[in-house]
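Trainee: Predicted coordinates and the sequence they were generated for:
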Amino acid sequence: MKRIYFDNAATTALDPQVLEAMMPYLTNQFGNPSSIYSYGRESRMGIEAARKSVAKILNAHPAEIFFTSGGTESSNTAITAAVRDLGCKHIISSKIEHHATLHTVEHLYNTGEAGLSYVKLLANGHIDLKDLEHILATTTDKCLVTLMHANNEIGNMFDINVVGNLCKKYNAIFHSDTVQTVGHFPFDLRNTPVHFITAAGHKFHGPKGVGILYINENVRIKPFINGGSQERNMRAGTENLYGIVGFGKALELATTNHESDSSHIKEIKFYMLEQLKKHIKGVGFNGDPLGQSLYTVLSVSFPKSEKSEMLLFNLDINHICASGGSACTSGADAGSHVIRAINNNPNQVTVRFSFSKNNTKEEVDIVVEKLKEVI
């Protein structure tokens, strides 16, 4: 039986065209980008071409794009630097951030390096912007605001310009975890009031283990990883050459095909929402799926029963991949911190379905049939 993969917010399949672009660097062009002979220079050119391409797509300057190992490293770098190098003594975040942010801000708070406030959440899981402004207005220390552009579990999005302008008004540093939106959403960083954004290649059919950190050109920070002059002295360590080339190619493809891919995926998400409503009694949806929401993610609550408690396990037996919360935490079944924060209903079991350009309505039909059987 063919596997149905509905966990694209965790990771996506590598696009064959991306693999093709990476192949020369996995085989013949293996020179170290820091070497001065032609072999190394060819590798260096591969990296710089990817940087230029990424910068152009995001409407940033190439000097603002730094390649990292992914979203976690990028967020750690930005948040830590804001506190240690940019003088932010108070962090404003939310309870539904990715752990890459949550654990970092908790660490800085626990070591006494910064104060910490969590912005209130509305019933539908959106950030309470009035509360955000209230915290900014009443905090005397310089603030770092770190809020994710789109939530990886429920898909809720906010307007990055609105939050950025609030930060600007109160002279705060603004970092946004945009891992779920880069490659799925058009960015115009020259005209966006944000100091740091992050991305990971594997969220849009690129390779794992590579990401970017955008650092606005007016921001000066020290490196998070020391030991070499790579990435213009910002990130030591030999570059992930084929990963970087793959990241550039994947973002290029995602951008070229954005219109057709996003409308196809949106259609599948709404189709699944309708089918679940139609066929499963007592089904509910977390967040704001029909409003300001990412088109790739559908977070579903099923009524709790002996059968539904084994839901993910039963889906897995039937070759259907979905997740309970985010994949980063699914190994330890502690439940989801995001769902707990917005909808702490013990009589519901939450499953996140997330879609890509490779999914079909036929797959939705098969999954809904299985859910009817299992529940």
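Mentor: Nice, thanks for sending it over. All of these numbers come straight from a predicted model, not from anything done at the bench.
Trainee: Could you check the pLDDT of the residue most central in space within the chain?
Mentor: Nearest residue to the geometric centre of the chain (Cα atoms, centre = their mean): V179, 2.3 Å. The model reports V179 with a pLDDT of 98.
Trainee: any idea how far it is from E106?
Mentor: V179 sits at a distance of 19 Å from E106 (criterion: Cβ to Cβ, to the nearest Å). (Each C-beta comes from the backbone N, C-alpha and C, glycine too.)
Trainee: sorry, back to before: state the number of residues packed around the closest residue to the residue nearest to the centre of the chain other than its chain neighbours.
Mentor: Sequence neighbours aside, G71 is the residue nearest to V179 in space, at 3.9 Å (criterion: Cβ to Cβ, 6 or more residues apart in numbering). Each residue near G71 was counted by other Cβ atoms under 10 Å, and the total is 27.
Trainee: Could you do V162 as well?
Mentor: By other Cβ under 10 Å, neighbour count at V162 equals 12.
Trainee: I'd like to know which elements the strand or helix carrying it is packed against.
Mentor: Using DSSP states H and E, V162 sits in helix 160-169. Helices and strands touching helix 160-169, as assessed by 3 or more Cβ pairs under 8 Å, 6 or more residues apart in numbering; DSSP states H and E, comprise helix 129-138, strand 143-146, strand 173-176.
Trainee: now for the second one, which elements pack on it?
Mentor: If contacts are counted by 3+ Cβ pairs under 8 Å, 6+ apart, strand 143-146 sits against helix 71-84, strand 90-93, helix 129-138, helix 160-169, strand 173-176.
Trainee: CA atoms of the helix holding V162 as CSV?
Mentor: Coordinates of the C-alpha atoms in helix 160-169 are reproduced here as CSV (Å, rounded to 0.1, in the frame of the first residue of the first chain):
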residue,chain,number,x,y,z
ILE,A,160,4.6,40.9,10.1
ASN,A,161,4.5,44.6,9.1
VAL,A,162,1.9,45.4,11.9
VAL,A,163,4.1,43.7,14.6
GLY,A,164,7.2,45.2,13.1
ASN,A,165,5.8,48.7,13.2
LEU,A,166,4.8,48.3,16.8
CYS,A,167,8.4,47.3,17.7
LYS,A,168,9.7,50.3,15.8
LYS,A,169,7.4,52.6,17.7
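Trainee: Which residues belonging to that helix are considered buried?
Mentor: Along helix 160-169, these residues count as buried under the neighbour rule (16 or more other Cβ atoms under 10 Å): I160, V163, G164, L166, C167.
Trainee: Quick check, pLDDT for S74.
Mentor: S74 carries a pLDDT value of 98.
Trainee: got a list of what it touches?
Mentor: Residues near S74 by Cβ atoms under 8 Å, 6 or more residues apart in numbering: T68, F196, T198, A199, A200, G211, I212, L213.
Trainee: Tell me where this protein has strands.
Mentor: For the chain, the strands defined by DSSP state E cover 4-5, 65-68, 90-93, 115-118, 143-146, 173-176, 196-200, 211-215, 284-285, 297-303, 320-321, 348-354.
Trainee: closest to A254 out of those?
Mentor: With distances scored as Cβ to Cβ, the stretch of the strands of the chain nearest to A254 is strand 196-200 (10.6 Å).
Trainee: State the pair within the contacts of S74 that is farthest apart.
Mentor: Farthest pair in the contacts of S74 (Cβ to Cβ) is F196 and A200. Separation: 14.4 Å.
Trainee: Compare those two (neighbour count), which wins?
Mentor: A200 (29 against 26).
Trainee: where's that one relative to G183, distance?
Mentor: As for A200, its distance to G183 is 9 Å (criterion: Cβ to Cβ).
Trainee: Please name the residues that touch the residue of the chain positioned farthest from its centre.
Mentor: Centroid-distance maximum for the chain: Y37 at 37.4 Å, with Cα atoms, centre = their mean. Counting by Cβ under 8 Å, 6+ apart, Y37 makes contact with G31.
Trainee: and it, backbone torsions?
Mentor: phi -70, psi 170 (degrees, to the nearest 10).
Trainee: Tell me how the chain divides into domains.
Mentor: Following automatic domain parsing, the chain resolves into domains at 4-12+259-374, 16-256.
Trainee: and these, which is most packed in?
Mentor: domain 16-256 (a mean of 19; mean count of other Cβ atoms under 10 Å).
Trainee: roughly how far is it from the heart of the chain?
Mentor: 10 Å (Cα atoms, centre = their mean, to the nearest Å).
Trainee: and it, how far apart are its ends?
Mentor: 16 Å (Cα to Cα, to the nearest Å).
Trainee: swap in stretch 28-40?
Mentor: Using Cα to Cα, the end-to-end distance of stretch 28-40 comes to 12 Å.
Trainee: Could you do stretch 85-92 as well?
Mentor: OK, stretch 85-92 end separation, Cα to Cα: 17 Å.
Trainee: how about the helices in the stretch 201-350 of the chain?
Mentor: Under the criterion DSSP state H, counting those that start in this stretch, helices of the stretch 201-350 of the chain are mapped to 230-233, 241-256, 258-279, 311-317, 337-342.
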